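Asks: pasting the sequence and the predicted model now:
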Amino acid sequence: MAALSAGSALMCSSSSGRPLSSADTSYIVQLEKRELRADKKFVLFPINNKARSRRVRLMKNGRLLRSFTASLGLPAQWWAHLDISAWHDQTLMLSLENDNSPNAIKGRGTSESGNAELIAAVYTSAEIWSPESVYKEPLRPEFHFTPRRGWNNDPNGLMYYAGQYHLFFQHNPYGVRWGNMHWGHAVSTDLVHWKELPIALYPRGEEDFPFSGSGIVDHENCSGWGKNGRPPMVLAFTSTGRGECMAYSQDDGVTWKEFEGNPVIKHSGRDPRLFWYAQIKQWIIAVYSERPGRDDSVPECYGISFYSSEDLKSWQKHSWIEGYYECPDLFALPTDGDSNRIRWVLTCASGYYQIGEFDGSRFTPESPRLPGPAGGKTELGPAAYAAQTFSNHPDGHRVQIAWGLVDTADLPFSQLITFPTVLSLRTTPEGVRLCREPVDAIQSLRTHTYDIHAGPLTTSPLLSDLKSEAWDIESVIRVGGVAFQILVRIGDDDYVYQPVSQMLTGPKGAMSIPLNDGRLKLRILVDRTTVTIFGDRGQAYGIFIRGNPGGLASLELRTMWGEVYIEKLILHSLCSAWDGS
């Protein structure tokens, strides 16, 4: 670690010129600097989730390389890592100052370390902090993707290429709260076992972040960005300082370059969804777009705009549809598996959708606006948000994932990505509906299977002797002429199904699950922090956050009163998808 240079204090009076009070000066130490030799791959920063935020800058010869805010504090709860391998063996300048911006984290009762003490604690390392503990934390989901360290929210840039599924995601590598948006990157061969890769997109500056977007493979090299006969992988994203932008990779996603002509679209909005529309041989962008004088309470002021392009560089606007907010997705599916009955589905961040037609320039709805996933709620709304689907699935499937809003308290990571589901359009008594079922690769995690004999379900608890940290449960329960309630207890949480109302109520939320020919068909995935429920082969879908997460999830199944018969009940205990990581 290089020697610490002298720090400098800024500001001795308030902006009004009056002398500062003791309250004003309680957080007045402003700036510390030191030289840092990039002798190892990472530089590590001490994070205390309850500490105030500081502004960290890494510079070389006066040029800003990286900048972020973080809750730096000692003792550290964990250490955030920044990859500095691009400047190997060079001397960099590290600076640290108080973050006095309006949105700065003010700290929550911890004793505050001084900036000199904090900058001295920063060190370089060949590895991230405590690599042996990653994926082994008590509340780490067993089969939902989470980044090794830091926060995630929206999934971005989902695509399949050269044998791998690519997942990009909104990511704060330096804390467990929203902020410092980067594009994290992970790959998988089966949508269950993931390997996290280096960050794909960094902020361009302190006020220019790569917000959400999408990804495709330009197989025909329409853009001209391909190299040595390899098609480019392309990311479309929102630059908060410029507009809608493109980045591309010529080495299968290892490194990324920005298009020199960015931004390709300038408007008031964000979250471009890019895809190829083969019928007209055009690229399409569906992007959240605001009209002047936008008011969040007035749907007519926000919606989705549709653009087309031949080369991914020049874009023409065609139409706009109102009432959709953030993170659009647009895709085609066969109805009831019939390729002659193709319909398009338009979705947005909160999950509601419409079914209709798309001609390459305009979406024409043929259904009312339909609700998205039900289930648990958080203080921010639904427990799942900003769902997106993968481009170029090798089997032609449409696979969807979303941001799971699950706070893991004081651990070195927060939030998750929902488990991948295969989408289909099915005809129901209410009309054609979007249905979801978990990808088959969940079966690769099964360790023990318990096949419960068919028979009447009574008031005596069933399954109470079974415990595991994760479950995949399949059941068909026939409800007789008189039935009051069916209770499923998972850990400390009760899920109560009312056959009369056909509603299932769980922690902080409820979902409608229809009885099909008098049968309640359930598929339940239990992880350490979430319970995902699929009803009637995915016609109903909900995500609940466990009230007392972690540890062994005990199970209980019984009826409160009535005529209930188990036709099928198979339970699979699951191992961790991170075993061997």
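Replies: Nice, I can see it.
Asks: dump the top strand by length along the chain to PDB, restricted to CA.
Replies: Longest strand in the chain, counting residues (DSSP state E): strand 553-574. The C-alpha trace of strand 553-574 is given here as PDB (Å, rounded to 0.1, in the frame of the first residue of the first chain):
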ATOM      1  CA  ALA A 553     -38.100 -24.900   5.600                       C
ATOM      2  CA  SER A 554     -40.500 -27.200   7.400                       C
ATOM      3  CA  LEU A 555     -43.700 -28.100   5.600                       C
ATOM      4  CA  GLU A 556     -47.300 -28.800   6.600                       C
ATOM      5  CA  LEU A 557     -50.400 -29.500   4.600                       C
ATOM      6  CA  ARG A 558     -53.900 -30.000   6.000                       C
ATOM      7  CA  THR A 559     -57.500 -29.000   5.500                       C
ATOM      8  CA  MET A 560     -59.300 -26.900   8.100                       C
ATOM      9  CA  TRP A 561     -62.500 -28.700   7.300                       C
ATOM     10  CA  GLY A 562     -64.200 -30.300   4.300                       C
ATOM     11  CA  GLU A 563     -63.900 -32.900   1.600                       C
ATOM     12  CA  VAL A 564     -60.300 -32.800   0.100                       C
ATOM     13  CA  TYR A 565     -58.500 -35.600  -1.600                       C
ATOM     14  CA  ILE A 566     -54.800 -35.700  -2.600                       C
ATOM     15  CA  GLU A 567     -54.400 -37.100  -6.200                       C
ATOM     16  CA  LYS A 568     -50.700 -36.200  -6.500                       C
ATOM     17  CA  LEU A 569     -48.200 -34.900  -4.100                       C
ATOM     18  CA  ILE A 570     -44.500 -35.100  -5.000                       C
ATOM     19  CA  LEU A 571     -41.800 -33.200  -3.100                       C
ATOM     20  CA  HIS A 572     -38.300 -32.800  -4.300                       C
ATOM     21  CA  SER A 573     -35.600 -31.400  -1.900                       C
ATOM     22  CA  LEU A 574     -33.100 -29.300  -3.800                       C
END
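Asks: quick check: beta-bridge partners of the residue positioned nearest the centre of the chain?
Replies: Against the mean C-alpha coordinate of the chain, by Cα atoms, centre = their mean, the closest residue is Trp403 at 3.1 Å. Counting by DSSP bridges, Trp403 forms beta bridges with Tyr385, Ile417.
Asks: start the count at 802, not 1, going forward
Replies: Right, with 802 as the first residue, what we last looked at is Trp1204.
Asks: wait, isn't it in contact with Ala1184?
Replies: No. Using Cβ atoms under 8 Å as the test, Trp1204 is too far from Ala1184 to be in contact (9.5 Å). To be clear about C-beta, it is placed using only N, CA and C from the backbone, and glycine gets the same treatment.
Asks: low-confidence ranges, the protein, go.
Replies: 802-830, 910-912, 1094-1100, 1260, 1283-1284, 1381-1382 (pLDDT under 70).
Asks: which neighbouring elements make contact with the lengthiest helix in the chain?
Replies: Scanning the chain for the helix with the most residues, using DSSP state H, yields helix 916-922. For helix 916-922, the packing partners by 3 or more Cβ pairs under 8 Å, 6 or more residues apart in numbering; DSSP states H and E come out as strand 832-838, strand 892-899.
Asks: which one of these lies closest to Ala921?
Replies: strand 832-838 (7.6 Å; Cβ to Cβ).
Asks: list the contacts of the following helix or strand past that closest one.
Replies: Remark: after strand 832-838, the chain's next helix or strand is strand 843-848, criterion DSSP states H and E. Residues from elsewhere that reach strand 843-848, judged by Cβ atoms under 8 Å, 6 or more residues apart in numbering: 837, 857, 859, 871-885, 895, 919, 922-930, 975-976, 1213.
Asks: Pro1262: neighbour count?
Replies: 13 (other Cβ atoms under 10 Å).
Asks: go on, the one 10 residues further on?
Replies: Other residues near Trp1272 number 22, with proximity taken as other Cβ under 10 Å.
Asks: that one against Val1327, yeah?
Replies: Yes. Counting by Cβ under 8 Å, Trp1272 does reach Val1327; the two are 4.0 Å apart.
Asks: next up, the contacts around Glu898.
Replies: Counting by Cβ under 8 Å, 6+ apart, the residues that Glu898 touches are 811, 831-833, 855-856, 916.
Asks: drop anything exposed from these.
Replies: 831-833, 855-856, 916 (16 or more other Cβ atoms under 10 Å).
Asks: okay, among the residues you listed, which ones form the most distant pair?
Replies: Glu833 and Arg856 (11.1 Å).
Asks: now do the shared contacts for the two.
Replies: In contact with both Glu833 and Arg856: 897-898, using Cβ under 8 Å, 6+ apart.
Asks: end-to-end on stretch 936-951?
Replies: Start-to-end span of stretch 936-951 (Cα to Cα, to the nearest Å) is 13 Å.
Asks: same thing with stretch 1062-1075?
Replies: 17 Å.
Asks: how far does it sit from its chain's centre?
Replies: Mean C-alpha position of stretch 1062-1075 versus that of the full chain (Cα atoms, centre = their mean, to the nearest Å) differs by 21 Å.
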